[in-house]
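Student: With the input below, show me the fold.
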Amino acid sequence: MTRPTHVYTIDYVATLIGENLELIQEIASNSDNIEYGEMIHAHDGSEEGITTFTDRGIESLKEFLADIRTWDGGVRQFLVDEQCDHEKIERIMTDEPKS
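Tutor: Numbering: from 1, shown residues only. Here you go, the predicted structure:
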């Protein structure tokens, strides 16, 4: 297997796959949600640094999103389980497609 030679910033990935940035950030806050080695933290001189994804990391993220949308309670329940504050949950849920 070859090593990735380029990565995509979390902001770009959110735009690329048409997802809410805060939702992607919440998923990325737990590295167990994305395949090992496919999400990379890069130091950029700021305290926070930036989160990046490989091509496979983006696929893993999309698979994770599809999976949580099948759970009882879907994205909202995922956010509750992650102990997000109510305001953040409402901002993210505003962007979620209605079923």
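Student: end to end, how far does stretch 31-45 reach?
Tutor: From its first residue to its last, stretch 31-45 covers 22 Å (C-alpha to C-alpha, to the nearest Å).
Student: Identify the residues contacting that stretch?
Tutor: Here stretch 31-45 makes contact (C-beta atoms under 8 Å, 6 or more residues apart in numbering) with 4, 7, 27-28, 49-54, 56-57, 60-61, 64. Every C-beta, even on glycine, is put in place using the N, C-alpha and C of the backbone.
Student: go again using 10 Å as the cut-off
Tutor: Contacts to stretch 31-45, defined as C-beta atoms under 10 Å, 6 or more residues apart in numbering, come from residues 3-4, 7, 9-10, 13, 26-28, 48-61, 63-65, 67-68, 78, 82.
Student: Looking at those, which are in helices?
Tutor: Mapping these onto helices (DSSP state H) picks out 10, 13, 26-28, 55-61, 63-65, 67-68, 78.
Student: Generate a PyMOL selection restricted to the buried subset of the contacts of stretch 31-45.
Tutor: Provided next is the PyMOL selection string for whichever of the contacts of stretch 31-45 are buried by 16 or more other C-beta atoms under 10 Å:
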select buried, resi 7+10+13+26+27+28+51+52+53+54+57+58+60+61+65+68+78
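Student: any weak-confidence spans in the protein?
Tutor: Across the chain, the ranges flagged by pLDDT under 70 are 1, 4, 98-99.
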